[in-house]
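Asks: this one's sequence-less:
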């Protein structure tokens, strides 16, 4: 990296040039531990060849040779530690601009921590992210490398749909494929009969890959089965790098929204407290990837229509039908506060241009048809993105749920509200229901905030230890 020698010189000057890795009597245990840890960098999806610390071969005969080994060890240690936290120059080119580089990865801090570590190998092991997203992927990498060593699996031949009850030569290939990844538990690969046991295995495979679990082996299921073990390993490696962009400490209580997984999980420590399906942004209105903090919520929310949606979506609908969208109010921009409200039926929408600057502001009143449904959950961010309910609940039945304008729609928002308010004095489910029934907009500041992490993982290990794969919906 640029100026890394100068950085190390300053780091060693701060510690009066006291070595970390070599001892005055020779190389020492710290250097041995570093060698062992760097040698297994591949378990973290990193290439051990990136880190080259010269062997000491016992005692080091001169101060100069000790200094050379010390410097090489320090350079490679810092390089490795920064790679594990996606804090190096290479990672900086890939990580999203809003993704914060973790603290404590400067050379001086790393060397001081290594010097003070009572168990140096344990310290080196724990440099990698310890959160469940990364550790699950690390276990998945190990599992799929074992599958590769065992020979992987054969490609499923192209052909027509295969359905339960059929006999077909390709069934044998399907059995072998599903047995390899543990979806089919008993090795009956000799049979060409699509029986009930195979049906259960096919459905398990389909669920693990985000496919409709109807048991029909059609083009999408065949394609997923035919992805090679090397392709899956590469997918895991890419997702490990993305998981390194997360904060190492996700929080004592936190929400994870996996965008391509269309899924939300709430963790209370290590305990999974809540989970539900979600709807995320369309490909051309992508949900951004970042971390925030849920600090307030609304019951019976208003919907202040974002300018881009007002110009590109709402205006076109109003041109077709001025009565579009129940409860929609129209305000003239630039008329002070409160803004001047207009009667939508007094406006000739056919003459209104969607070009910037757009002169109108739209807001939808609370109610059964409100686009945000009964609740929204807010966290400060530059994207105007938040979690919310929806009036169009039928969309949760779809497998592919990249359907929103960027915000995250929740399948069970009232359960989320109940969880967030569980420690808030005066709030319980009965009061929540009463407020919702009353229909009045109610804003609540949360006494206990909740970290939220919007992530993009097309591979993860689920709570049952199964490796999940999903399509790359945003082409990343």
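Replies: Sure thing, it's come through. Keep in mind the model is a prediction, meaning the values are calculated, not measured. Residues are numbered from 1 along each chain as shown.

Asks: ok, longest strand in the chain?
Replies: strand 442-455 (DSSP state E).

Asks: Partner strands of it, with direction?
Replies: In its sheet, strand 442-455 lies beside strand 253-258 (parallel), strand 291-299 (antiparallel), with partners assigned from DSSP bridges.

Asks: what's the distance between it and the middle of its chain?
Replies: When distances are taken as Cα atoms, centre = their mean, to the nearest Å, strand 442-455 is centred 18 Å away from the chain's centroid.

Asks: any idea of the mean pLDDT in that strand?
Replies: The pLDDT scores in strand 442-455 average 97.

Asks: do stretch 290-305 as well
Replies: Mean pLDDT, stretch 290-305: 97.

Asks: How about it, which residues are buried there?
Replies: Along stretch 290-305, the positions that meet the burial threshold by neighbour count (16 or more other Cβ atoms under 10 Å) are 290-294, 296-303, 305. Glycine gets a C-beta too; all of them are placed from N, C-alpha and C.

Asks: go on, stretch 319-337?
Replies: With burial defined by 16+ other Cβ under 10 Å, the residues of stretch 319-337 counted as buried are 322, 325, 328, 329, 330, 331.

Asks: ditto for stretch 10-22
Replies: Judged by neighbour count (16+ other Cβ under 10 Å), stretch 10-22 contains these buried residues: 11, 12, 19, 20, 21, 22.

Asks: And the contacts of the helix or strand that the longest strand of the chain is followed by?
Replies: Past strand 442-455, further along toward the C-terminus, the next helix or strand under DSSP states H and E is strand 459-461. Strand 459-461 is touched from outside by 133, 136-137, 139-140, 232, 235-236, 239, 258, 261, 467-470, with contacts defined as Cβ atoms under 8 Å, 6 or more residues apart in numbering.

Asks: Make a ChimeraX selection of the buried ones in those residues.
Replies: Applying 16+ other Cβ under 10 Å to the contacts of strand 459-461, the buried members can be selected in ChimeraX as follows:
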select :133,136,137,140,232,235,236,239,258,261,467,468,469,470
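
Asks: Please narrow the contacts of strand 459-461 to those residing in strands.
Replies: By the criterion of DSSP E, membership of the contacts of strand 459-461 in strands covers 258, 467, 468, 469.

Asks: is the first one in a bridge, and if so with what?
Replies: According to DSSP bridges, residue 263, residue 455 are recorded as the beta-bridge partners of residue 258.

Asks: Quick check, pLDDT for it.
Replies: Residue-level confidence at residue 258 comes out at 98, pLDDT.

Asks: quick one: it from residue 278, how far?
Replies: Applying Cβ to Cβ, to the nearest Å, the value for residue 258 to residue 278 is 9 Å.

Asks: any residues in contact with both of those two?
Replies: By the contact definition Cβ under 8 Å, 6+ apart, residue 258 and residue 278 are jointly contacted by residue 264.

Asks: ok, back up a step: looking at the buried residues of stretch 319-337, spot the one nearest residue 391.
Replies: Using Cβ to Cβ, residue 325 is the member of the buried residues of stretch 319-337 that lies nearest residue 391, at 10.5 Å.

Asks: name the helices or strands packed onto the lowest-mean-pLDDT helix or strand in the chain?
Replies: Ranked by mean pLDDT, DSSP states H and E, the helix or strand of the chain with the weakest confidence is helix 89-92, at a mean of 76. Using 3 or more Cβ pairs under 8 Å, 6 or more residues apart in numbering; DSSP states H and E as the contact criterion, the neighbours of helix 89-92 among helices and strands are helix 63-84.

Asks: Tell me the gap between the helix it packs on and the middle of its chain.
Replies: The gap between where helix 63-84 is centred and where its chain is centred comes out at 33 Å by Cα atoms, centre = their mean.

Asks: Could I get the buried residue list for that helix?
Replies: Of the residues in helix 63-84, those buried under the neighbour-count criterion (16+ other Cβ under 10 Å) are 66, 69-84.

Asks: Over to stretch 404-424?
Replies: Going by neighbour count (16+ other Cβ under 10 Å), the buried part of stretch 404-424 is 404-414, 416-421.

Asks: Check stretch 357-368 too.
Replies: 358, 360, 361, 362, 363, 364, 365, 366.

Asks: Between the two ends of that stretch, how far is it?
Replies: Using Cα to Cα, to the nearest Å, the end-to-end distance of stretch 357-368 comes to 31 Å.

Asks: Next, the residues that contact it from outside, please.
Replies: Taking Cβ under 8 Å, 6+ apart as the criterion, the residues outside stretch 357-368 that touch it are 300-305, 307, 310-311, 314, 325-334, 339, 342, 352, 370-372, 391, 439-441.

Asks: pLDDT of that stretch, averaged?
Replies: The model assigns stretch 357-368 a mean pLDDT of 94.

Asks: quick revisit: just the ones in strands among the contacts of strand 459-461 now: which is nearest residue 205?
Replies: Taking the ones in strands among the contacts of strand 459-461 together and measuring to residue 205 by Cβ to Cβ, the closest member is residue 469, at 9.9 Å.

Asks: so who does the closest one touch?
Replies: Residue 469 is in contact with 208, 209, 210, 224, 232, 235, 458, 459, counting by Cβ under 8 Å, 6+ apart.

Asks: Check the third one and give its pLDDT.
Replies: Residue 210 is assigned a predicted lDDT (pLDDT) of 96.

Asks: ok, now the fourth one?
Replies: pLDDT for residue 224: 97.

Asks: Apart from its neighbours in sequence, what residue is nearest it?
Replies: residue 209 (4.6 Å; Cβ to Cβ, 6 or more residues apart in numbering).

Asks: Pull the contacting residues for the one you found.
Replies: With contacts defined as Cβ under 8 Å, 6+ apart, the neighbours of residue 209 are 221, 224, 468, 469, 470.

Asks: I'd like the distance between the first one and residue 459.
Replies: What it means is residue 221. As defined by Cβ to Cβ, residue 221 lies at a distance of 18 Å from residue 459.

Asks: same deal with the last one?
Replies: Using Cβ to Cβ, one obtains 8 Å as the distance from residue 470 to residue 459.

Asks: give me phi/psi at residue 129?
Replies: Dihedral pair for residue 129: phi -60, psi 140, per degrees, to the nearest 10.

Asks: I should have written residue 275 there, sorry.
Replies: With angles defined as degrees, to the nearest 10, residue 275 sits at phi -150, psi 150.

Asks: pLDDT wise, what is it at?
Replies: Note on residue 275: pLDDT of 98.

Asks: Let's verify the nearest residue to it once chain neighbours are set aside: helix, strand, or coil?
Replies: With Cβ to Cβ, 6+ apart as the criterion, residue 275 has its nearest non-adjacent residue at 4.7 Å, and that residue is residue 265. The three-state label for residue 265, taken from DSSP: H, G, I helix; E, B strand; the rest coil, comes out as strand.

Asks: any weak-confidence spans in the stretch 351-476 of the chain?
Replies: When residues are selected by pLDDT under 70, none of them lie in the stretch 351-476 of the chain.

Asks: For it, which segments count as strands?
Replies: With DSSP state E, counting those that start in this stretch applied, the stretch 351-476 of the chain shows strands at 360-364, 375-379, 387-388, 402-404, 408-410, 442-455, 459-461, 467-469, listed in chain order.
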